[in-house]
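Enquirer: here is my input, please return the structure:
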Amino acid sequence: MMNQPWFHVPKPNAKARLRLFCLSYAGGSSATYLPFAEHLPNEVELVAVQLPGRGMRLAESPYTDLTQLVEDLAAQMKPHLNLPYAILGHSFGSRLGFELVQYFRHQQWPLPVHFFASGSRAPHYKNTDSPIHQLPQAAFIEKLRSFGGTPEEVLNNEDFMEMLLPMLRADFTMVENHQSEMKPALSCDLTILGGQHDGGVPLEDLHDWQLHFDGAVSHVIFDGGHFFIETHKSLVIKAVATKLASILTAELATC
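Expert: The predicted structure follows:
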């Protein structure tokens, strides 16, 4: 059973022909992706990854070392790579997903049939903003507020923020220290998802994800900011579901 602790599978599907692994943004959780499950093709099983330090795993220590996280998460995912699969990550989740696929290639494990890179500069770009993970608490919270992804009722709840801050700082430690080397392109198709008004991710940096893949590339740009995956969720779900349906038709018809 895949559900806990690393994976949340809202609709287990023994007849699935394709799995979609979903990875959230810094400070996010599997909850972002649970609504997707009702709208994906019937032959797709959604697997939302739940990292330590959030949701039902709030009491666990979060990761600050991306390399260690990749190794540990990969070990959990390996038994579930027995079906064709796709990976969808938003922001930090895109970069985590990319490093997972690089690790899978190194280990000679099955690679995804499709990768969705969402709301992130291409992985060879290092975060150019001033790092925030070591800021004093008040300044750190103000930066979170400026990003627009955390509800005001959460930011203003001191007790709740005290519980969340270790996870948030840990995630931003990994975000702000990540920069991937240019390596041979991955043999995988790619969909790039972006927000037209995402001030932190210039469209040219977003589109440079295509430098890391040698398969077919498509682009979907939404009329939103960095958190378009939340504010324009129904449109994102439709785009992802349409792509997965085409994969099932074109690539898995003979399976």
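Enquirer: identify the residues contacting residue 89.
Expert: 22, 23, 24, 95, 96, 97, 98, 116, 117, 118, 120 (CB atoms under 8 Å, 6 or more residues apart in numbering). For the C-beta atoms, the positions are set from N, CA and C on the backbone; glycine is no exception.
Enquirer: quickly find the element holding residue 87.
Expert: Using DSSP states H and E, residue 87 sits in strand 85-90.
Enquirer: and residue 48, how far from residue 237?
Expert: Separation of residue 48 from residue 237 (CB to CB, to the nearest Å): 13 Å.
Enquirer: comparing the two, which residue is more hemmed in?
Expert: Neighbour count, other CB atoms under 10 Å: between residue 48 and residue 237, residue 48 has more, with 23 against 18.
Enquirer: just confirm residue 218 is within a helix.
Expert: No - counting by DSSP: H, G, I helix; E, B strand; the rest coil, residue 218 is located in no helix; its state is strand.
Enquirer: can you confirm residue 192 is in a helix?
Expert: No - assessed with three-state DSSP, residue 192 is strand; it does not lie in a helix.
Enquirer: if I pick it, what's in contact with it?
Expert: Residue 192 neighbours (CB under 8 Å, 6+ apart): 117, 118, 206, 207, 209, 210, 217, 218, 219, 220.
Enquirer: and it, how far from residue 242?
Expert: 15 Å.
Enquirer: and if you look at residue 201?
Expert: For residue 201, the distance to residue 242 - CB to CB - is 23 Å.
Enquirer: for these two, indicate the residue with more neighbours.
Expert: A direct count of neighbours by other CB under 10 Å for residue 201 and residue 242 places residue 201 higher, at 19 against 13.
Enquirer: next up, identify which helix or strand the more buried one is on.
Expert: Applying DSSP H and E, one finds residue 201 in no helix or strand.
Enquirer: now do the strands in the stretch 151-255 of the chain.
Expert: Applying DSSP state E, counting those that start in this stretch to the stretch 151-255 of the chain gives strands spanning 189-195, 217-222.
Enquirer: quick one: closest of these to residue 81.
Expert: Among the strands of the stretch 151-255 of the chain, strand 189-195 comes nearest to residue 81, with 17.0 Å by CB to CB.
Enquirer: what lines up beside the closest one in the sheet?
Expert: The pairing partners recorded for strand 189-195 under DSSP bridges are strand 114-118 (parallel), strand 217-222 (parallel).
Enquirer: just these: most buried one?
Expert: Counting by mean count of other CB atoms under 10 Å, strand 114-118 has the highest mean neighbour count of those, with a mean of 28.
Enquirer: next, the angle strand 189-195 makes with the strand holding residue 87.
Expert: Interaxial angle, strand 85-90 versus strand 189-195 (axes from the mean of the first three to the mean of the last three CA atoms, to 10 degrees): 20 degrees.
Enquirer: just the pLDDT for the residue nearest to residue 45 when sequence neighbours are not counted.
Expert: Excluding the flanking residues, the one nearest residue 45 by CB to CB, 6 or more residues apart in numbering is residue 16, at 3.7 Å. pLDDT for residue 16: 95.
Enquirer: my reading is that residue 16 lies in a strand. Confirm?
Expert: No - assessed with three-state DSSP, residue 16 is coil; it does not lie in a strand.
Enquirer: not counting its neighbours along the chain, what's nearest residue 10?
Expert: In this structure, residue 10 finds its nearest non-sequential neighbour in residue 37, 4.3 Å apart by CB to CB, 6+ apart.
Enquirer: what of residue 208?
Expert: residue 122 (3.7 Å).
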